[in-house]
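Engineer: got a predicted structure plus its sequence, pasted below:
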Amino acid sequence: MSAVDFLLERMQEHAGELAVAAGDKTATYAEVFEAVAMWRKRLEESGLPEGAVVTVEGDYGIGPIAAFLALAAAGAVVVPLSPDSAAHLEQFVELGEAEYRLRPAIDNAPVPTGRRASHAFYATLGDRHAPGLVLFTSGSTGKHKAAVHDLGLLLRKFTARRHRRRTLVFLQLDHIGGVNTLLYTLSNGGAVIAPPDRSPGSVAATIERHRVELLPTSPTFLNLLLLSGEHERRDLSSLQLITYGTEAMPESTLRKVCAAFPNVKLQQTYGLTELGILRSQSRGSDSLWVRVGGEGFQTKIIDGRLWVKAESAMLGYLNAPSPFDDEGYFDTGDKVEVNGEWLRILGRESEIINVGGSKVYPAEVEDALLEIEGVTDAAVHGEPNPITGQIVAATVVLDREEPVAAFKVRMRQALKDRMPAFKIPAKVVISTGPVHSARFKRMRKRG
């Protein structure tokens with residue numbers, strides 16, 4: 001039996017129901033099952049060996065989803081690559097030691113690269129006769145790392161039946177959140193709804209058209225959605241749950257989202273490329289306190305940093321040393337406040353700004369900046385200073401033209417009673433472009 005057999009059985013239970021809607025194309029579970037069977041036959045006819053490392057390149061759609069599941073059923077190591085990875089595509093193919101490349105939109109079979117995968121983790125997967133999954137970290141430290149998972153272990157948590165919902169897939173298939181959304185939705189007989197693009201207008205139109213019930217996204221996107229006004233122009237009454245993660249949620253944004261969607265439950269999620277997605281529970285829709293863990297996960301706090309041990313943890317990195325301690329815990333790098341069983345995520349310790357010995361969390365300053373009239377987005381980072389060690393620097397996006405000097409006067413006036421002077425940005429840049437990545441995560445420079 002393959003690791004995805006239970007998932008294929010679930011598909012047959014919901015044969016006549018909507019499984020995938022991507023753009024103008026839709027497919028029932030029976031049609032997705034047939035597409036998986038077709039790809040399994042193609043893989044067999046091509047002579048693809050068990051354990052082969054194969055990319056799946058493309059956007060969300062019936063073809064990439066079916067190819068992904070067929071490769072997993074065949075015991076291959078899947079390296080999903082979405083359009084978000086376009087700038088690093090060749091680098092990722094090389095880092096992942098991909099032996100074959102598959103573009104479901106144009107290829108009928110995997111195309112050999114001439115490369116031979118030799119990493120010990122691939123041998124481990126072979127010994128287990130387990131399918132694999134390779135995902136790449138964001139490279140926020142300057143270097144992308146390739147994380148190797150036993151896909152069978154990741155799949156195991158989806159065998160328990162949970163809520164069935166029409167779900168918009170916001171994070172792509174080469175992101176741990178995207179993989180989690182796909183497998184969760186299909187394993188529970190829900191519908192995977194892919195928007196044509198991730199602009200607020202397109203997402204809102206897709207929610208309205210397909211009566212989407214669950215929107216998993218990022219705080220940055222939610223802020224953009226509110227600023228666009230699309231949530232008022234479209235009928236989004238089908239939404240039951242909005243989950244948010246990948247970055248710290250500003251309190252100001254959370255308040256606005258709660259006000260805009262009073263009948264929708266808001267839930268913070270927590271996960272990492274290296275560990276998978278933890279089960280989570282927010283104290284309330286309007287609260288940033290969250291409880292994380294659940295079956296298969298253990299947590300501990302050391303010096304205010306969150307460490308996690310996961311049954312579904314990666315085997316390790318292809319191109320970096322093991323990050324696990326002797327007990328198998330992973331240092332997330334996230335600083336947290338603790339209140340009993342509840343945590344509040346403050347941000348990555350590597351991003352903390354040290355001003356004359358005093359710590360500044362970028363998310364706190366960004367939250368304050370977003371409360372200033374005309375500020376639509378902001379990213380805060382530290383820059384070197386010969387006197388204080390570092391200063392707080394901010395890149396802001398405004399909804400109107402304004403000289404930097406004039407904005408800085410307004411900013412200081414607005415923040416003087418809200419935070420100590422050392423936290424108020426000493427340097428400000430007004431940007432005409434976004435301060436978030438293609439994955440709608442705030443980009444902070446490193447000084």
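Structural biologist: Alright, I've got the coordinates. Numbers count the residues shown, from 1 in each chain.

Engineer: going by C-alpha atoms from here, please, whenever you check contacts or count neighbours.
Structural biologist: Fine.

Engineer: can you list the domains in the chain?
Structural biologist: 5-156, 352-431 (automatic domain parsing).

Engineer: mind listing the helices for the stretch 51-200 of the chain?
Structural biologist: 62-73, 89-95, 120-128, 151-156, 176-187, 200-210 (DSSP state H, counting those that start in this stretch).

Engineer: could I get those as TSV with distance to E327, mean pLDDT and mean neighbour count?
Structural biologist: Below are the helices of the stretch 51-200 of the chain laid out as TSV (distance: least, CA to CA, whole Å; pLDDT from 0 to 100; neighbours: other CA atoms under 10 Å):
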stretch	distance to E327	mean pLDDT	mean neighbour count
helix 62-73	29	96	24
helix 89-95	28	95	16
helix 120-128	19	97	16
helix 151-156	19	94	20
helix 176-187	23	95	22
helix 200-210	42	97	19
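
Engineer: nearest to I302, of those helices?
Structural biologist: With CA to CA as the measure, helix 176-187 is the member of these nearest I302 (25.1 Å).

Engineer: ok, back up a step: turn the helices of the stretch 51-200 of the chain into TSV, columns for distance to E351.
Structural biologist: Below are those laid out as TSV (distance: least, CA to CA, whole Å):
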stretch	distance to E351
helix 62-73	35
helix 89-95	26
helix 120-128	31
helix 151-156	29
helix 176-187	22
helix 200-210	28
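
Engineer: got the domains of the chain as TSV, with distance to L168 columns?
Structural biologist: Shown next, in TSV, are the domains of the chain (distance: least, CA to CA, whole Å):
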stretch	distance to L168
domain 5-156	9
domain 352-431	24
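
Engineer: what's the pLDDT at A86?
Structural biologist: Predicted confidence (pLDDT) for A86: 86.

Engineer: before we move on, back to that, out of the helices of the stretch 51-200 of the chain, nearest to G294?
Structural biologist: helix 151-156 (14.0 Å).

Engineer: give me the helices and strands touching that closest one, please.
Structural biologist: strand 132-136 (3 or more CA pairs under 8 Å, 6 or more residues apart in numbering; DSSP states H and E).

Engineer: give the contact list for A72.
Structural biologist: Applying CA atoms under 8 Å, 6 or more residues apart in numbering, one finds that A72 lies in contact with S2, A3, V4, V78, P131, G132, L151.

Engineer: PyMOL command for the buried members of those?
Structural biologist: Selection of buried members from the contacts of A72 for PyMOL, criterion 16 or more other CA atoms under 10 Å:
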select buried, resi 3+4+78+131+132+151
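
Engineer: how far away from the center of its chain is the helix or strand hosting V409?
Structural biologist: If you go by DSSP states H and E, V409 is part of helix 404-415. A distance of 34 Å separates the centroid of the chain from that of helix 404-415, by CA atoms, centre = their mean, to the nearest Å.

Engineer: show me which positions of that helix end up buried.
Structural biologist: F407, K408, M411, A414, L415.

Engineer: packing partners of the longest helix seen in the chain?
Structural biologist: For the chain, the longest helix by residue count, based on DSSP state H, is helix 29-45. If contacts are counted by 3+ CA pairs under 8 Å, 6+ apart, helix 29-45 sits against helix 5-13, strand 18-22, helix 62-73.

Engineer: rerun that using 7 Å as the cut-off
Structural biologist: helix 5-13, helix 62-73 (3 or more CA pairs under 7 Å, 6 or more residues apart in numbering; DSSP states H and E).

Engineer: what about the shortest one, average pLDDT?
Structural biologist: Within the predicted structure, the mean pLDDT of helix 5-13 is 94.

Engineer: hang on, the earlier thing: which residues touch the longest helix of the chain?
Structural biologist: 8, 11-12, 14-19, 62, 66-67, 69-70, 109 (CA atoms under 7 Å, 6 or more residues apart in numbering).

Engineer: sweet, I'm off.
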